[in-house]
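Peer 1: Sharing a model prediction with you, sequence too.
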Amino acid sequence: MTNKELEFNRNDDKMRLRLSELQRKLDKIYQGGGKNKIEKHHAKGKLTARERIDELLDKDSNSIEIGALAGYEMYKDHGGCPSGGVVVVLGYIHGRLVIVVANDATVKAGAWFPITGKKNLRAQEIAIENKIPIVYLVDSAGVYLPMQDEIFPDKENFGRIFRNNAVMSSMGITQVAAVMGSCVAGGAYLPIMSDESLIVEKTGSIFLAGSYLVKAAIGEEIDNETLGGATTHNEISGVTDYHCKDDQECLSTIRDIFEKLGPKAKAGYNRVTPLKSKFKDRDIYGVFPDDRAKPYNTKEIIKRLVDDSKFTEYKAGYGKTIVCCYARIDGWSVGIVANQREIVKTKTGEVQFGGVIYSDSADKAARFIMNCNQKKIPLVFIQDVTGFMVGSRSEHGGIIKDGAKMVNAMSNSTVPKFTVIAGNSYGAGNYAMCGKAYDPRLIVAWPTAQLAVMGGAQAAKVLVQIEMATAKAKGIELTEQEEAELYQTTKMKYDEQTSPYYSAARLWTDAIIDPADTRKVISMGIEMADHNEEIKPYNVGVIQT
């Protein structure tokens with residue numbers, strides 16, 4: 001076996017181990033509040049959030065779960081919040097792409113933590129950006145009161161949900177809400193601000209205040225079913241539109257509603273008959289090194305992502321630390337901007353380090369991004385970037401100006417953008433390569449991803465130098481052992497924060513995915529974006545040249 005084959009097998013083994021770790025974490029998360037809570041849920045005749053979504057979506061169809069790792073290892077003092085207490089899935093109902101939001105009532109009765117609100121808003125953002133229908137499967141006790149100050153009053157908090165309901169309605173985006181459990185207080189407005197609402201007999205209820213609060217407030221004694229159950233809201237108040245005997249009938253009715261929706265508008269992004277890569281799907285494991293400092297040829301990754309392993313490279317001999325190319329993914333025409341991790345030489349003999357953005361590569365990427373906007377071609381960014389080149393030569397050569405040009409061109413893009421964080425995503429490189437702050441329609445990470453201002457080792461060195469300088473100013477000299485301990489402590493903390501799980505928990509990424517699923521995610525993303533027929537004119541504003 002050759003060294004190349006050995007390296008391929010090592011990489012493959014490492015990636016499979018990382019994916020096994022990911023699956024173990026997800027399997028635990030999928031249990032929500034735990035086995036006992038699920039059994040109690042079933043005893044009431046209710047399906048769990050994930051069971052409801054499985055029943056609702058087309059069988060054997062593709063789907064993408066958004067934010068499965070939201071809340072991971074957060075809120076430990078409050079017992080945790082698996083998946084943020086809400087399940088969000090992009091999938092199909094009668095062949096129509098929709099986004100489904102289902103409260104998980106096995107997690108704190110479906111109460112809203114701060115991350116729950118953020119995740120719900122992300123789901124609505126996806127619906128608004130792409131003009132795709134949204135389904136709410138409501139089963140929630142409302143705001144998690146011990147943390148109400150972090151979920152109630154601010155712009156990106158609970159109330160923004162209802163504002164978005166109104167905005168989506170004005171945009172003609174279909175919203176259907178099913179009340180399959182509790183729906184209380186301010187949350188009671190969500191189903192009523194949707195286009196159509198359903199309620200399940202005996203388990204579903206809607207009211208601004210439950211029976212206990214009603215008695216405390218006005219002295220009236222009444223049970224919850226009479227106050228706001230299915231019969232009340234279908235026959236007396238007229239609040240809901242459909243009375244369903246159980247979860248299954250409710251979900252079947254939603255499918256019936258979607259089966260009769262009118263035709264979909266389209267932006268018209270170019271698509272032809274899809275072709276597979278010339279490589280096996282999981283070959284990508286072997287060509288991507290587990291060691292984040294190790295160079296590799298990014299074009300070998302691209303070959304395993306694009307149709308027929310074929311792409312047309314733009315300015316191949318210039319700005320070599322970024323690869324720009326036209327290709328197809330599952331039939332869709334795309335423009336790919338990817339960090340090249342090989343060490344390259346320019347014609348002048350200059351050595352350029354892989355994963356670093358230089359002036360020439362930033363200049364090339366900016367022009368390519370503008371070309372894709374001119375041609376109405378969706379953009380795919382593949383990140384493995386350590387940042388922009390520093391030092392006097394780069395500064396004197398105008399790296400800030402060229403970096404700004406790239407950021408400007410990318411920020412103002414009107415075609416859909418999709419971001420895959422394969423490896424490093426550090427500093428301004430994250431920004432220039434369409435990080436979360438730059439509105440990618442979907443942003444996903446491989447298990448090998450690392451997001452931070454800089455790598456753990458570099459950050460620890462900088463912070464230790466600052467600590468030593470501070471101590472010295474006070475007349476204190478750190479011993480070599482104290483310096484080493486400080487370095488290790490700082491590095492461990494920083495490494496924890498660069499983990500893809502830390503990022504996914506806070507919804508800096510939509511999901512951690514199997515690299516073999518990258519084609520599916522991008523294809524569904526472009527199909528989703530194709531629903532928004534409005535393509536705005538492209539204008540980059542003022543760019544320094």
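Peer 2: Arrived safely, thanks for sending.
Peer 1: and V351, how many neighbours?
Peer 2: Neighbours of V351 under the rule other C-beta atoms under 10 Å: 8. For glycine as for every other residue, the C-beta is placed from the backbone atoms N, C-alpha and C.
Peer 1: That one and E342 touch, don't they?
Peer 2: No: in this structure V351 lies outside contact range of E342 using C-beta atoms under 8 Å: 11.2 Å.
Peer 1: quick one: the helices in the stretch 251-400 of the chain?
Peer 2: Residue ranges of the helices in the stretch 251-400 of the chain, as given by DSSP state H, counting those that start in this stretch, are 284-287, 298-303, 359-375, 392-396, 399-411.
Peer 1: what packs against the second one?
Peer 2: Just to be clear, that refers to helix 298-303. helix 284-287, strand 311-314, strand 322-329, strand 332-339, strand 379-385 (3 or more C-beta pairs under 8 Å, 6 or more residues apart in numbering; DSSP states H and E).
Peer 1: buried residues in that helix?
Peer 2: Neighbour-count burial for helix 298-303, with 16 or more other C-beta atoms under 10 Å as criterion, is recorded at T298, E300, I301, I302, K303.
Peer 1: for the closest residue in space to T414 that isn't next to it in sequence, helix, strand, or coil?
Peer 2: Leaving aside its sequence neighbours, T414 sits nearest to K536 (C-beta to C-beta, 6 or more residues apart in numbering; 4.4 Å). Using DSSP: H, G, I helix; E, B strand; the rest coil, the structure places K536 in coil.
Peer 1: if I look at K536, how far off is Q374?
Peer 2: For K536, the distance to Q374 equals 13 Å [C-beta to C-beta, to the nearest Å].
Peer 1: Surely A529 touches I126?
Peer 2: No: assessed by C-beta under 8 Å, A529 is found out of contact with I126, at 9.9 Å.
Peer 1: Return the residues in contact with the residue nearest to D223 when sequence neighbours are not counted.
Peer 2: What sits nearest to D223 in space, not counting adjacent residues and going by C-beta to C-beta, 6+ apart, is S211, at 5.9 Å. S211 is in contact with E221, I222, D223, N224, L227, counting by C-beta atoms under 8 Å, 6 or more residues apart in numbering.
Peer 1: I figured the fourth one hits I206, correct?
Peer 2: No: counting by C-beta under 8 Å, N224 sits too far from I206 to count as a contact (10.0 Å).
Peer 1: Who has more neighbours out of those two?
Peer 2: Neighbours per residue (other C-beta under 10 Å) separate N224 from I206, with I206 holding more: 27 against 16.
Peer 1: Now for that one, which secondary structure element holds it?
Peer 2: Using DSSP states H and E, I206 falls within strand 205-207.
Peer 1: where are the low-confidence patches of the stretch 251-400 of the chain?
Peer 2: By pLDDT under 70, the stretch 251-400 of the chain has no low-scoring segment.
Peer 1: ok, 90 please
Peer 2: Where the stretch 251-400 of the chain drops to pLDDT under 90, the residues are 263-265, 280-281, 292-293, 343-355, 387-400.
Peer 1: Could you list the buried residues of stretch 18-25?
Peer 2: Buried residues in stretch 18-25, counted by 16+ other C-beta under 10 Å: R18, L19, L22, K25.
Peer 1: Can you flag which of the residues you listed belong to helices?
Peer 2: Those of those mapping onto helices are R18, L19, L22, K25, per DSSP state H.
Peer 1: Just put those in CSV and tack on pLDDT and distance to V200.
Peer 2: Formatted as CSV, those follow (pLDDT from 0 to 100; distance: C-beta to C-beta, whole Å):
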residue, pLDDT, distance to V200
R18, 98, 41
L19, 98, 37
L22, 98, 34
K25, 98, 32
